[in-house]
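Undergrad: Curious how this folds, go ahead:
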Amino acid sequence: MLRNRTERPTEVSDFAFNRTVFDVGEGRVVSTDEVTVADDMDFLGGIGRSFKILADYEVKDPFGAESPLVINTGCLTGTAYMTGLRTYFSAYSPLKRTRKGAPMAGWSAMSGSFGRKLVSAGVGDLVLKGAAAEPSLLLLRQSDGGTQLTVEEAPPEILGQRVPERMAYLNRRFNDVEEKSYPAHFAIIGPAGEQWESVWYANIVGSTQEMVMSGEDKFRFGGRLGMGSILGSKNILGIVVVAPEDVIRKGDDGLKAVNQEIATGNYSRGYRHPDNKNGLGGTGKNEKILDGIGVLPWRNFEPRDKNLATPVHIETMRESDDYIVIDKGCFGCRISCHMDFYAAPPEGKDPDRRIQRRNHGPFLGRYEYEPMELAGPNLGIIDPDENLRLARLDDDLGLDTISANVVLSYVMDYNTRDGEQLAGGLQFGDASGAARLKEAIAFGREPLLGKGVKAISEAVGGAGFAMHCKGVELPAYLGQTNPGYPFALAGGHMSMRTFLLYILDPNRKPESADYWVEKITQEGWDMIAKDLHGGCLFFLSPPAEVAKGIQSIYGVPMTGERILEAAHQTHLLGFALEQRQGAEPDDYGMPEEIFVGNRKGDLPGAHFLTEEMFMEIRDRVLAIMKADTEDAGYGDCSTPSTQTE
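TA: Below is the predicted model:
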């Protein structure tokens, strides 16, 4: 939360924010400081500030009591800017590690209403250290004297519970549904996070306004890099923020036009339902597009043909008489990118969509590309009901859906290779077996499989088909089409915009190392700007449009160029932190089998990435990034002020 330092701010330095360090083990505030904004990274917020904090810590064990978990928001979070809802969780990740085992810095972003309540409660940067003696809840309460923080022992009835049950308890306790009073929102872990020692890819689950009002399990997620495992290691099962008064920066008259463009313009068109201002169908549309050209991940990232997954394309399922699809949005957002699937009612599906919204069967799950693809076709499962069920199960267990399903596809692939069998010999296409294995992982009964494909392959072999970069499982886009994955800071499709160039760039030159080096070093990092300012990924407004919103709300000059420069500086600081942890060139590698001449490298839809070309790209990118990092003044990252074990 930014606070004006002057009555009429004219520059970003006319703002300040608070930074609180809280020891959850001792239940006390270690320090609270008011920090004057020093630069655009500070002002925009999010990971721009988080990485500065993490740079002050030398972390050897991400689960160590003194290892920090940073929680904050962007300058647009909690404002009247449409999609301004994001919360960021940043730490040294248990999943993202060097080849020698050192944890590297990363983050996960979460939408929903938790972030706007954090802002209303007056939270700027919250740094959690220590570990509670018993499973506990962290309570943050709005007050006239600033945010009140307390730790209380978690009630027995939520221990070991799945996400919906835990959320329902908190909603009953802190909100009044009958009176339609919802002062509280929540960020929690599921059973996977409680088993943090054996599950390194647990997520953090956030409440939404729809969830607290309806009771349905409509959540948002801070999924990547095991931030739920970090919170679990601190013995915090959930964070509750109670803010009866919503504090919202409104903006001037120009904000209305900015929000209208976000809601109905071309930038967000791809994420809207076809009946919503000529939308293109949401993230789920990617499945049919990629499948149609033979690059949809299939049976552990090995598609041997086109149109392999037609039964689970969102278009197929939307047209089915078995389902009703209702597009919904986060709080205050009219993009409505959520494609919620409900069973058709017993009397059948009415052709009128307005009636469908009122008359439908039970909620079955949300169709989002990553969960549906990785829990479906990439496991060889193309039954729509099973696909929805498996994707929803990840949410209920508190597992990062990307990492969990890539672990399963690795296990299935491993079991086809005439050697030792993992997880009882689980095979591609076995939906029931996949569900059982997810349960076993989440409840700590498969400790090796809970540590990600990097750790698994180091223990049992199969590194060539363990689909990860720097320990972080690949998202649902083929590595065979994207040599930029290793240079992403926090998940290949969320922090390096090279994952769809092979498909969407009309000027692509996939066989050119020059092309990839330029895209990685000059453009790929620009997408992390959203992880500073707090706006959503799914509106795709160019930085100049975001700057208009910031100017409207805060009344100070801002430009798209400044936003991009702050994003670049943050990217370089993140890279400097990787280097400080001992990352070497070999840490920026890719699975061997994806290269031309290997089992997964010669696919009908993609067969250009040779190992030689990748090595050239890697060496040139690292040289540029190291030089840029030095020029940015991040050489002093080698001397953190705080050491932890």
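
Undergrad: Neighbours of Arg417, how many?
TA: The number of residues packed near Arg417 is 11, by other CB atoms under 10 Å. For the C-beta atoms, the positions are set from N, CA and C on the backbone; glycine is no exception.

Undergrad: Need the phi and psi values for it.
TA: Recorded main-chain torsions at Arg417 are phi -100, psi 30, according to degrees, to the nearest 10.

Undergrad: Relative to Asp602, how far out is it?
TA: From Arg417 across to Asp602, the span is 18 Å (CB to CB, to the nearest Å).

Undergrad: now swap in Phe114 and tell me
TA: Look at Phe114 and Asp602: by CB to CB, they are 46 Å apart.

Undergrad: okay, these two: which has more neighbours?
TA: Using other CB under 10 Å as the criterion, Phe114 and Asp602 rank with Phe114 on top: 29 against 12.

Undergrad: you'd agree the more buried one is up against His185?
TA: Yes. Using CB atoms under 8 Å, Phe114 is in contact with His185, at 4.5 Å.

Undergrad: Okay, now the unreliable bits of the stretch 251-400 of the chain?
TA: The stretch 251-400 of the chain contains no residues with pLDDT under 70.

Undergrad: what residues do Phe114 and His185 have in common as contacts?
TA: Gly206, Ser207, Val241 (CB atoms under 8 Å, 6 or more residues apart in numbering).

Undergrad: so who does the first one touch?
TA: The neighbours of Gly206, taking CB under 8 Å, 6+ apart as the test, are 87, 110-115, 185-187, 219-222.

Undergrad: now it, nearest residue through space, not along the chain?
TA: Using CB to CB, 6 or more residues apart in numbering and skipping residues adjacent in sequence, the residue nearest Gly206 is Gly112, 3.8 Å away.

Undergrad: Report the separation between the one you found and Arg599.
TA: Taking CB to CB, one finds Gly112 at 40 Å from Arg599.

Undergrad: okay, these two: which has more neighbours?
TA: For Gly112 versus Arg599, neighbours defined as other CB under 10 Å are more numerous around Gly112 (28 against 14).

Undergrad: helix, strand or coil for the more buried one?
TA: coil (DSSP: H, G, I helix; E, B strand; the rest coil).

Undergrad: Helices of the stretch 451-600 of the chain, residue ranges please.
TA: 452-460, 501-504, 513-518, 530-533, 543-554, 560-580 (DSSP state H, counting those that start in this stretch).

Undergrad: contacts for the fifth one?
TA: The contact list for helix 543-554, computed with CB under 8 Å, 6+ apart, reads 2, 9, 15, 75-76, 79-81, 249-252, 254-255, 258-259, 261, 267, 526, 529, 533, 535, 556-564.

Undergrad: residues in contact with Ser93?
TA: Taking CB under 8 Å, 6+ apart as the contact definition, Ser93 lies against Pro62, Pro103, Met104, Ala105, Gly106, Leu225, Gly226, Met227, Ile230, Gly471, Val472.

Undergrad: Any of the residues you listed buried? List them.
TA: Among the contacts of Ser93, those classed as buried by 16 or more other CB atoms under 10 Å are Pro62, Pro103, Met104, Ala105, Gly106, Leu225, Gly226, Met227, Ile230, Gly471, Val472.

Undergrad: Could you please name the strands the helix or strand hosting the fourth one pairs with and the direction of each pair?
TA: Under the assignment given by DSSP states H and E, the secondary-structure element containing Ala105 is strand 103-110. Counting by DSSP bridges, the strands paired with strand 103-110 are strand 87-97 (antiparallel).
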